[in-house]
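Undergrad: after the sequence you'll find the predicted model.
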Amino acid sequence: MSHTPRCRTVLSWALLLAPLAVGSTACGGSSSNPLADKPYDAAGQVAFAGVEGGGKADPDKPLEVRAKGEDRITDVTATDAAGRYVRGELDADGSHWRSTVPLAAGAHYTVRVSTEDEDGAQGRRTVGFDTAPADKLLRVKFGPDSGTYGVGQPVTAELSRPVKDPAARAVVERALKVDSQPSVEGAWHWVDGRTLHYRPREYWPAHATVNVRSGLAGIKVGPGLHGGPSKPLTLRTGDRVEAVTDAGAHYMTVLRNGKEIRSIPVTTGKPGFSTRNGVKVVLGQESFVRMRGTSIGISEGSSDSYDLPVHWATRVTWSGEYVHAAPWSTGSQGAANVSHGCTGMSTEAAHWFFDTVRVGDIVKVVNSGGETMTPFDNGFGDWNLSWQAWRKGSALHAATREGSSPADAARLRPGM
């Protein structure tokens, strides 16, 4: 059978507040999938406690979602601006979902709810909301959590309040310090008013130590707004592990520190569901995922219907693109593209890949008919921006020539 891993799975026990965890899984291919337009608008079928009506939500109260009428909730995904999941529990009857960890003060959240009516039709509702700030301090939360990552892992900075004024952004960016050993050239990029990403010009060196800290405490950012204290972050990188999938040749080549360690026959997205080209970063890993087509609006019993146990799944996009075991398509692996967007391989190879890579490692796809991985809205596609384009997203480097610093630009200004 052809692999159809464009799916989501409900986990009633945990939606982890980290990129490693999954409350909903979907193996997505091309955005041109017509099935994505079928779910009905579930605005009238779900209610959100304390987050609707334009006000700020109380971070001391749990986030709650309730089903109305005969509909039931099948999936709830709540994430902050950096893509971290909020843990929560869904009642067995699908009537109520409740967060099980406190919400952050002064944060922005997006809640995506999937529903099912009594006829089995699938509904969707997405709501964004802000939690009330604790005070008028601008706080910074760095990510990911301290630990060892692959050389493609960007550093993220989430602000407790939006900063839009260019001068204020320069104040913030100037106070956010990233130092690495060995030292490399790098820059911050403003994803939006609340979120910044930091990456080097090239990937991080293998076995580097990256220290991140904020000097905002006590600094005036804007009228009535001062920087607050923030927790520093230390990251380390492991070996430089890169997986390069040639969708045209149907093979993945895995390299460690520049040397090939394995070539794996694979299948990627078929026409209409082509795998995204470009550089992606490993977001998390799950040894087992149950994938069902009904959760994304595929009618049960249709030619695209599926209900599959999937093993050794390595996630590379939030929408659900994985590298995973696909024993049902071994006859096509190395010869044809038959999936709905994921990269499938034998169970043995997927287990080996799962054990070989870590969060932050590089997964690159070339020669696919799909579009290029977007930079920020579906995982870490940061490396798909050229260094010149990346610098343009910096409040400090956008106006300086490459290879110079903001201080250099100041020295070059003519005297008044």
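TA: Done, it's in. None of the values given here were measured: they were computed from a predicted structure.
Undergrad: any idea of the mean pLDDT for stretch 345-354?
TA: For stretch 345-354, mean pLDDT is 98.
Undergrad: then stretch 262-269?
TA: On average, stretch 262-269 scores 97.
Undergrad: just the CA trace of it, in PDB.
TA: Extracted in PDB, the C-alpha atoms of stretch 262-269 (Å, rounded to 0.1, in the frame of the first residue of the first chain):
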ATOM      1  CA  ARG A 262      25.000   5.400   5.700                       C
ATOM      2  CA  SER A 263      22.900   5.600   2.500                       C
ATOM      3  CA  ILE A 264      19.200   4.600   2.900                       C
ATOM      4  CA  PRO A 265      16.600   3.900   0.200                       C
ATOM      5  CA  VAL A 266      13.600   6.000   0.900                       C
ATOM      6  CA  THR A 267      10.200   7.100  -0.500                       C
ATOM      7  CA  THR A 268       9.000  10.700  -0.200                       C
ATOM      8  CA  GLY A 269       5.800  12.600  -1.100                       C
END
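Undergrad: how about that stretch: buried residues?
TA: 264-269 (16 or more other C-beta atoms under 10 Å). Where C-beta positions appear, they are placed from N, C-alpha and C, glycine not excepted.
Undergrad: please apply the same query to stretch 245-265.
TA: For stretch 245-265, a neighbour-count test (16+ other C-beta under 10 Å) marks 245-247, 250-256, 264-265 as buried.
Undergrad: that stretch: end-to-end distance?
TA: Distance across stretch 245-265, first residue to last, is 9 Å (C-alpha to C-alpha, to the nearest Å).
Undergrad: any chance you could list what contacts that stretch?
TA: 206, 239-244, 266-269, 274-275, 277, 323, 333-337, 343, 345-346, 349, 352-353, 356, 363-370 (C-beta atoms under 8 Å, 6 or more residues apart in numbering).
Undergrad: now do stretch 164-181
TA: Residues from elsewhere that reach stretch 164-181, judged by C-beta under 8 Å, 6+ apart: 138, 140, 155, 157, 159, 163, 186, 188, 190, 193, 196, 198, 200, 204-205, 208-216, 219-222, 225, 227, 394-396.
Undergrad: so E173 sits in a strand?
TA: No. Counting by DSSP: H, G, I helix; E, B strand; the rest coil, E173 is located in no strand; its state is helix.
Undergrad: how close does it get to R161?
TA: 15 Å (C-beta to C-beta, to the nearest Å).
Undergrad: more neighbours: the two, which one.
TA: E173 (21 against 18; other C-beta atoms under 10 Å).
Undergrad: just the buried residues of stretch 245-265 now: which is nearest F380?
TA: T245 (16.9 Å; C-beta to C-beta).
Undergrad: from E321, how far off is the closest one?
TA: 11 Å.
Undergrad: what do you get for T253?
TA: In terms of C-beta to C-beta, T253 sits 18 Å off from E321.
Undergrad: ok, T100 next?
TA: 28 Å.
Undergrad: kindly report the same for Q388.
TA: Q388 is 27 Å from E321, by C-beta to C-beta.
Undergrad: D179 too?
TA: Applying C-beta to C-beta to D179 and E321 gives a distance of 33 Å.
Undergrad: more crowded one of the two?
TA: Under the neighbour definition other C-beta under 10 Å, D179 and E321 were set side by side, and E321 has more, 33 against 12.
Undergrad: do I have it right that that one meets T275?
TA: Yes. Applying C-beta atoms under 8 Å as the test, E321 and T275 come out as touching, 6.9 Å apart.
Undergrad: tell me which stretches of the stretch 1-150 of the chain form strands.
TA: Per DSSP state E, counting those that start in this stretch, the stretch 1-150 of the chain carries strands over the ranges 40-41, 46-49, 64-67, 72-80, 88-90, 96-99, 108-116, 122-130, 137-138, 140-143, 147-149.
Undergrad: make TSV out of the ones you listed and add distance to P375 and mean neighbour count.
TA: Conversion of those to TSV gives the following (distance: least, C-beta to C-beta, whole Å; neighbours: other C-beta atoms under 10 Å):
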stretch	distance to P375	mean neighbour count
strand 40-41	28	13
strand 46-49	29	17
strand 64-67	30	19
strand 72-80	17	22
strand 88-90	28	21
strand 96-99	29	20
strand 108-116	18	21
strand 122-130	20	18
strand 137-138	25	24
strand 140-143	16	22
strand 147-149	19	16
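Undergrad: which one of those strands lies nearest to S302?
TA: Ranking the strands of the stretch 1-150 of the chain by their distance to S302 (criterion: C-beta to C-beta) puts strand 122-130 first, at 12.9 Å.
Undergrad: each with direction, which strands does the closest one pair with?
TA: Applying DSSP bridges to the sheet, strand 122-130 is found paired with strand 40-41 (parallel), strand 108-116 (antiparallel).
Undergrad: by mean pLDDT, show me the worst of these.
TA: strand 40-41 (a mean of 90).
Undergrad: hmm, who's touching that strand?
TA: 117, 121-125.
Undergrad: again, but for stretch 145-154
TA: 18, 144, 197-199, 203-206, 208, 233-238, 240-241, 279, 281-282, 357-362, 380, 382-383.
Undergrad: mind doing that once more with 6 Å?
TA: Here stretch 145-154 makes contact (C-beta atoms under 6 Å, 6 or more residues apart in numbering) with 197, 199, 203-204, 233-238, 240-241, 281, 358-362, 380, 382.
Undergrad: likewise stretch 385-393?
TA: Residues contacting stretch 385-393 (C-beta under 6 Å, 6+ apart): 187, 189-190, 201, 375, 397-398.
Undergrad: helices along the stretch 201-350 of the chain, start to end?
TA: Secondary structure of the stretch 201-350 of the chain, counting by DSSP state H, counting those that start in this stretch: helices at 347-356.
Undergrad: in it, which spans are strands?
TA: Here the stretch 201-350 of the chain has its strands, by DSSP E, counting those that start in this stretch, at 209-214, 220-222, 225-227, 233-237, 241-246, 251-256, 259-265, 278-281, 284-292, 307-315, 322-325, 343-345.
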